[in-house]
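Novice: This is a predicted model, with the sequence first.
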Amino acid sequence: MPRQSITFTEPNDEWLKAQVDSKEYGSKSDVINDLIRQARSRKSELEVIREALIKGENSGISELTPKEIAARVVERKRKNGEL
């Protein structure tokens, strides 16, 4: 695995230490890798929602607002186990 040197502010370093001390993670690297995985997952979820919104916009006029459409897409994806 590639190694990196990263500098953290003191509050962030203390937070990382607390995560490791809680025994939820084995190291600061584990915490950082988990945070990156979560961010990548959120990005994928947003891309799916954007694609659905674009598809809906291109399909014609809707009585729903963009927020209502997004909420329905999220609800449907959750029911299908996709989110």
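Specialist: Received the coordinates, thanks.
Novice: for the helix or strand harbouring Glu57, packing partners?
Specialist: Glu57 is part of helix 28-58 when elements are defined by DSSP states H and E. Contacts defined by 3 or more Cβ pairs under 8 Å, 6 or more residues apart in numbering; DSSP states H and E place helix 28-58 against helix 10-21, helix 66-79. Bear in mind the C-beta positions are built from the backbone N, C-alpha and C, glycine included.
Novice: Could you tell me the least trusted of these?
Specialist: Ranked by mean pLDDT, these bottom out at helix 66-79, with a mean of 92.
Novice: What are the contacting residues of it?
Specialist: Residues from elsewhere that reach helix 66-79, judged by Cβ atoms under 8 Å, 6 or more residues apart in numbering: Glu45, Val48, Ile49, Ala52, Leu53, Gly56, Ser62, Leu64, Leu83.
Novice: separation between the spatially most central residue of the chain and Asp30?
Specialist: Geometric centre of the chain, nearest residue: Arg42, 2.1 Å, by Cα atoms, centre = their mean. Distance, Arg42 to Asp30, using Cβ to Cβ, to the nearest Å: 19 Å.
Novice: Equivalent analysis for Phe8, please.
Specialist: 15 Å.
Novice: repeat for Asn58
Specialist: 42 Å.
Novice: name the element Tyr25 belongs to?
Specialist: Using DSSP H and E, Tyr25 falls outside every helix and strand.
Novice: Quick check: it touching Ile32?
Specialist: No. Under the criterion of Cβ atoms under 8 Å, Tyr25 is not in contact with Ile32, lying 9.3 Å apart.
Novice: Now list whatever residues contact both of these two.
Specialist: Going by Cβ under 8 Å, 6+ apart, no residue sits against Tyr25 while also sitting against Ile32.
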